[in-house]
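> okay, sequence plus prediction incoming.
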Amino acid sequence: MNSVVTVSDFYFKYLRSDLVLKNINLEIEKGSFTVIIGPSGAGKTTLCKAMTGIVPYYSGGDYAGDVKVLGETTKGKKVSDLAMKVGLMLEDYESQLVSLTAGEEVAFSLLNHGFPPEEADERTRLALADVGLPGRESYQLDELSGGQRQRLALASLLAVHPEIIVLDEPVSAMDPDGAESLYKLLDKIHKEHGTTFIVVEHRVEFVLPYLTDLVAVKNGEIAAQGKCEDVVSKIYEDAELRPLLPDLWQVKCNLEEKTGRRFALWRSSNEAVKELEQNGFGKGVRA
Amino acid sequence: MELNAFTWIIVTLAVTAWVFILPLQAVATILVLQLVLLLYIKRSKTMLAAIGGLGVFTGLMILLQLLFGSSLSVSLFGGLRMLVMTLAFLCMLATTRIQSIAKALVDRFHLPVEYAFMLTTALRFVPNFLEDSAITLDAQSCRGYSNRGNALKRLLSYVVVIRPLVMRAVAKSETLALSMELRGFGANTYKNMPKEKLTAVDFAVLAIVVVLSTYPFWKKVLLT
């Protein structure tokens, strides 16, 4: 497997806290769309921060083990240099915006890393177009809606062309339409640029059509990881993790358990209806 | 015609010095020029409110000076000086982008980047802070907060709004600091921004500043 992130025997505790991450061994495949699930307080955000070097090198705390990003250890690296390879969007994306206008926001990282202004301008233009905000360089941040500001935060990550993008609960404060459109956008970027996405998400329904890999975290440990097809049933067996699976997959696992048959990993309710009808579950099934 | 941020800073600093060295008529002329400039730039309610607010503050200053035993003329001239100084800053803020001011402070006055960045960040977070305060006020009102009673009572009860607001602001500032770290904030932040060059108009204005700033010297030379 061609891994872009490798976490080996990683343990971490914040100052004056218990162990937050325990015995983490994780590999994220290049070009994958990985979703991290887990109950609240399981260590998902800390795991994201570990992949970007913030934990332990910015936040402080005790750690053991190693995290490698694109084959290089994060040890001794500047957080900002790592951010050129692995971009992170935090849950509170609003406070992550540091500038007064959209153009300055996107160009901020580029200028800080010594890109000439002309190249920064060009990359800014392209990144804003990528997220559906073309020509908004001169817009003040308060002229943009909440959803547009989130897209702007994404554009500022895209502009540095990172190979990996980590998003911590990107749609937690969004309505279903907004969430759907953001994930559509992420899928478009994923396909067009081949960027590896790692997303912490509580509502996997939104990302169902796009995700390729799943990582389940429980009590600071990895409970399951791998291709969705391989890990869904394992996650379903765990009573605490089961509710975190999308309803459709819970139905699939339940049916498999009851009937002893195997079903495909449905990505939409239409797919489920089609397969169930083909398997003689009658015309009464509705999407 | 747009002046460079550097020129504006110099003019603002010079005006604060001029109010002490130039005669009353000259200071009054500067005041008129400032008012004309401000109303020319933006004849909005906000601008009038800003000028009015400064006017009220000046009135209070004059009253205070009178109370402490200064003569009427001294008090009035003192108030005029203060008004002209503060209006100079208002002129600078109304005509120049805060980002350009921050860049000029770093590039030409060698202000540490952290301090310059504070200027833009403070402005960036004003809308968020106002939004947060409205949310907190609503939330606490639901829990029984009321701003009734005398001034002292209202002030004391407002603590229940201030406290969560401050906690929110601290949490936001931590995220902001992390974001700045992730995005490589540091010595390069202003260095790589496009350069804003001084034009002929800037040089002309700076020359006028030099001439007016050395007024006491010229006065002495011309009189002898």
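Cool, got the structure.
> so where is chain A shaky, pLDDT-wise?
Within chain A, the ranges that satisfy pLDDT under 70 run A:1, A:282-287.
> near chain B, which residues of it are found?
Contact residues, chain A versus chain B (CB under 8 Å from any CB of the partner chain): A:52, A:54, A:58, A:78-81, A:83, A:88, A:90, A:92, A:94-100, A:104, A:108-109, A:111-117, A:120, A:141-142, A:156. C-beta coordinates here come from the backbone N, C-alpha and C atoms, glycine included.
> now do the phi/psi pair for whichever residue of the stretch 151-287 of chain A sits closest to chain B.
In the stretch 151-287 of chain A, the residue that lies nearest chain B is A:Ser156 (7.5 Å; CB to the nearest CB). Note on A:Ser156: its backbone torsions stand at phi -70, psi -20 [degrees, to the nearest 10].
> follow-up on the earlier one: buried only: go through the residues of chain A next to chain B for me.
A:52, A:54, A:58, A:79-80, A:83, A:88, A:90, A:92, A:94-100, A:104, A:108-109, A:111-113, A:115, A:120, A:141, A:156 (16 or more other CB atoms under 10 Å in any protein chain shown).
> hang on, the earlier thing: okay, now the nearest residue to the residue of the stretch 151-287 of chain A closest to chain B once chain neighbours are set aside: neighbour count?
Counting by CB to CB, 6 or more residues apart in numbering or on different chains, A:Ser156 lies nearest to A:Val106, which is 4.7 Å off, once chain neighbours are set aside. By other CB atoms under 10 Å in any protein chain shown, 31 other residues sit near A:Val106.
> immediately after whichever strand or helix holds A:Val106, which helix or strand?
Assigned by DSSP states H and E, A:Val106 belongs to helix A:102-112. Per DSSP H and E, the first helix or strand lying C-terminal to helix A:102-112 is helix A:117-130.
> how far off helix A:102-112 does that following helix point, in degrees?
Between helix A:117-130 and helix A:102-112, the angle comes out at 130 degrees (axes from the mean of the first three to the mean of the last three CA atoms, to 10 degrees).
> check the offset of helix A:117-130 from the chain's centre.
Helix A:117-130 has its C-alpha centroid displaced from the chain centroid by 24 Å (CA atoms, centre = their mean, to the nearest Å).
> tell me the buried residues in that helix?
In helix A:117-130, counting by 16+ other CB under 10 Å, buried: A:120-121, A:123-125, A:127-128, A:130.
> so which of the residues you listed comes closest to chain B?
Nearest to chain B among those, with distances taken as CB to the nearest CB, is A:Ala120, at 7.5 Å.
> about what we covered before: which strands or helices does the helix holding A:Val106 pack on?
helix A:79-83, helix A:117-130, helix A:146-158, helix B:188-191 (3 or more CB pairs under 8 Å, 6 or more residues apart in numbering or on different chains; DSSP states H and E).
> can you name every helix or strand that the helix or strand hosting A:Glu180 contacts?
Per DSSP H and E, A:Glu180 falls inside helix A:176-193. In terms of contacts (3+ CB pairs under 8 Å, 6+ apart), helix A:176-193 is packed against strand A:33-37, helix A:146-158, strand A:196-200.
> give me the angle between the last one and helix A:176-193.
The one in question is strand A:196-200. Using the same axes, to 10 degrees: strand A:196-200 against helix A:176-193 is 160 degrees.
> does anything pack onto the strand or helix carrying A:Glu256? Which helices or strands?
A:Glu256 belongs to helix A:247-259 when assigned by DSSP H and E. On a contact count with 3+ CB pairs under 8 Å, 6+ apart, helix A:247-259 meets helix A:228-237, helix A:269-278.
> swap in 7 Å and give it another go.
Applying 3 or more CB pairs under 7 Å, 6 or more residues apart in numbering or on different chains; DSSP states H and E, one finds that helix A:247-259 contacts helix A:228-237.
> tell me the phi and psi of A:Leu214?
Dihedral pair for A:Leu214: phi -130, psi 140, per degrees, to the nearest 10.
> next, count neighbours for residue 180.
I went with chain A, as the question did not name one. Around A:Glu180 there are 16 residues (other CB under 10 Å).
> if you could check chain B rather than the one you did, that'd help
20.
> quick check: pLDDT value at it.
Predicted confidence (pLDDT) for B:Met180: 93.
> leaving out sequence neighbours, find the closest residue to the residue nearest the centre of chain A.
Nearest to the mean C-alpha position of chain A, by CA atoms, centre = their mean, lies A:Val199 at 1.3 Å. The shortest distance from A:Val199 to any non-neighbouring residue, by CB to CB, 6+ apart, is to A:Leu167 (4.8 Å).
> who does the host helix or strand of that neighbour touch, helix- and strand-wise?
Using DSSP H and E, A:Leu167 falls within strand A:164-168. The helices and strands touching strand A:164-168, judged by 3+ CB pairs under 7 Å, 6+ apart, are helix A:44-51, strand A:86-89, strand A:196-200.
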